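Peer 1: Structure for the following, please:
(chains A and B)
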2 protein chains.
Amino acid sequence: MNIKQAATDHPILGLLAERWSPCGFEDRPVPEADLRSLFEAARWAASSYNEQPWNYLVATKENVTEFGRLLSCLVEANQAWAKAAPVLVLGVVSLRFARNQKDNRAAVHDLGLAAGNLVVEATARGLSVHQMIGLLPDKAREVYQIPEHFEAWTAMAIGYKADPATLPDALKERDLSPRQRKPLSKFVFTGQWGQPSPFALQRDP
Amino acid sequence: MNIKQAATDHPILGLLAERWSPCGFEDRPVPEADLRSLFEAARWAASSYNEQPWNYLVATKENVTEFGRLLSCLVEANQAWAKAAPVLVLGVVSLRFARNQKDNRAAVHDLGLAAGNLVVEATARGLSVHQMIGLLPDKAREVYQIPEHFEAWTAMAIGYKADPATLPDALKERDLSPRQRKPLSKFVFTGQWGQPSPFALQRDP
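Peer 2: So this is what the prediction gives:
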C-alpha cells in the first residue's frame, strides 16, 4: 500500500489521487521531451479572456550556473531540499491584461490552473512536482530582469521522487507522512455559508 | 475532427487537450455521485501549508430558488448563458491562514489548483466546466453571509456541453471557434526574461 495515495472518500482519477509533493528527488535528469509536454499542458489551461498570464523561468541542473541563479531566488528553507531536484521553475504572473493594461483579477488564479495542468501531465509521466510560494520576488526580478506588472509568484521543483529511505531524517519523515484533507462537508456549501451541500454528505454505495 | 481539440505542438494527455469552456449546456442534470467526485478531486489539490483555502457554494437547477440566488451573483453577461447549466458554483477563497490569521499569498493560486483538479475530473466524466471571473463578490457576500477574510473569487458553470448547432448565433460562433494559445517560446524562458528555453524551441521527432 502506498502511504501517499490519497485516502479518498469518493472516487477520483488515479492521476489526481497519486500526486503529492516530495521533498526528496533522485539525481536523474528529466528528458527535454517531457519538459516540453509539461509546459505544453500548462499552455492549454483556461484563462480569463484567454490572457494566458503564466510565464516560466526554467533551470536544469546540467547548467550549473543557471541552476544556481534560479535556486538563489528561493527562500533558504526551500533551497535546502529543492537543490536536489533536476529542474527548478519560477512561475511569473502577468498582473495586467496585455490588451488594455487593466488589472487582471484572475491572473494569479489562472497561474494556478496552468500549474494544475502541468502537475497532471507530470504525474502521468512518472514525474513529481513540489510547488512553492516561498521565494524572493524582488531577487527574481533583479536576477532575470522581470518587467513591471509581472511578478515571480510561485516556484516548482520537478523530478523523480527519491526513495524516502535515502533521505535525511527530517525530509524522510515528511515524505512518509500520510496526506490529510478536510472532508467535503467543511468546504462544499449550499444555501448559506457553512451549510454543507446535501449531496456532499452522502456516501457512494 | 473535433475543432475544439487543442492543436498541440507537443504531446499531452487527452484529458487536458480535450477540455474547453462551452457557453452552451444541455438541459440534463449532473448525477450527485459525479458532483461528489468533482469536489473530491478539488480536495486533493496541493496548497501552501496544506491550508486548503478553497470553499464552494453550489446550486443545482432542481432547486429553483437556490439556483436563482447563485445566478444573481454573476455579472449579467455571464448570467445570460450560465443560466442554462445544471450546476453553478462560486469559488470562495480564504485569504488568511487559519492557523495564524496572516495573509496567504498563495490562496488565490491554490484556488486555481483545486479548480484545475476539478476540471480534469469533470472532463474524465464527460462533463464540461466554464470558469468565470465575472461575478459580484459583494452581492455573494450578502446573499450567502460570506465572512470577513473570505471572498467569492471565481464561478463555474458545470454540465454537459450542448451541440453548438442548437445555440443562438453568438454562442454558436463562440462554441465553434478554434482554441488558440501562444507558443512555448513566448512564455518559457531560461537565463533571462524573454529568452526562450532551448528545450522549448525543439520539436519532437
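
Peer 1: Check the offset of the host helix or strand of A:Leu16 from the chain's centre.
Peer 2: For A:Leu16, the enclosing helix or strand under DSSP states H and E is helix A:14-18. Averaging C-alpha positions (CA atoms, centre = their mean, to the nearest Å) puts helix A:14-18 15 Å from its chain's average.

Peer 1: now do stretch A:99-112
Peer 2: Its chain's C-alpha centre and that of stretch A:99-112 lie 18 Å apart, by CA atoms, centre = their mean.

Peer 1: mind checking the end-to-end distance for that stretch?
Peer 2: Using CA to CA, to the nearest Å, the end-to-end distance of stretch A:99-112 comes out at 21 Å.

Peer 1: What are the contacting residues of that stretch?
Peer 2: By CB atoms under 8 Å, 6 or more residues apart in numbering or on different chains, the residues outside stretch A:99-112 that reach it are A:45-49, A:51-54, A:91, A:93-97, A:149, A:153-154, B:108-113, B:115-116, B:133, B:153-154. No exception for glycine: its C-beta is placed from N, CA and C like everyone else's.

Peer 1: give me that answer again for 6 Å
Peer 2: Applying CB atoms under 6 Å, 6 or more residues apart in numbering or on different chains, the external contacts of stretch A:99-112 come out as A:47-48, A:53-54, A:91, A:93, A:95-97, B:108-109, B:111-113, B:133.

Peer 1: Name every strand pairing with the longest strand anywhere in chain A and say which way it goes.
Peer 2: Counting residues, the longest strand found in chain A (DSSP state E) is strand A:150-159. Sheet pairing of strand A:150-159 (DSSP bridges) gives strand A:87-94 (antiparallel), strand A:128-132 (antiparallel).

Peer 1: Burial-wise, tell me which of the ones you listed comes out on top.
Peer 2: Comparing these by mean neighbour count (mean count of other CB atoms under 10 Å in any protein chain shown), strand A:87-94 comes out on top with a mean of 25.

Peer 1: can you confirm A:Leu57 is in a helix?
Peer 2: No - assignment of A:Leu57 by DSSP: H, G, I helix; E, B strand; the rest coil gives strand, placing it outside any helix.

Peer 1: Tell me what it is bridged to.
Peer 2: A:Leu90, B:Phe189.

Peer 1: quick one: is the lowest-mean-pLDDT helix or strand in chain A near chain B?
Peer 2: Every helix and strand in chain A was compared by mean pLDDT, DSSP states H and E; the lowest is helix A:169-176, with a mean of 92. No - Helix A:169-176 stays clear of chain B (CB under 6 Å from any CB of the partner chain), getting no nearer than 11.5 Å.

Peer 1: Same question for stretch A:36-48.
Peer 2: Yes - Stretch A:36-48 comes into contact with chain B (CB under 6 Å from any CB), by way of A:Arg36, A:Ser37, A:Phe39, A:Glu40, A:Ala41, A:Arg43, A:Trp44, A:Ala46, A:Ser48.

Peer 1: avg pLDDT for that stretch?
Peer 2: Average pLDDT, stretch A:36-48: 98.

Peer 1: Tell me which residues are up against it.
Peer 2: Contacts for stretch A:36-48 (CB under 6 Å, 6+ apart): A:106, A:110, A:113-114, A:117-118, A:121-122, B:6, B:8, B:10-12, B:16, B:21, B:131, B:133, B:181, B:184, B:188.

Peer 1: Show me the residues of stretch A:36-48 next to chain B that map onto helices.
Peer 2: A:Arg36, A:Ser37, A:Phe39, A:Glu40, A:Ala41, A:Arg43 (DSSP state H).

Peer 1: Tell me which other helices or strands the helix holding A:Leu16 touches.
Peer 2: With contacts taken as 3 or more CB pairs under 6 Å, 6 or more residues apart in numbering or on different chains; DSSP states H and E, helix A:14-18 sits against helix A:107-124.

Peer 1: so the helix it packs on versus strand A:150-159, what angle?
Peer 2: Here the directions of helix A:107-124 and strand A:150-159 differ by 10 degrees (axes from the mean of the first three to the mean of the last three CA atoms, to 10 degrees).

Peer 1: how far is helix A:107-124 from where the chain is centred?
Peer 2: Using CA atoms, centre = their mean, the offset of helix A:107-124 from its chain centre is 7 Å.
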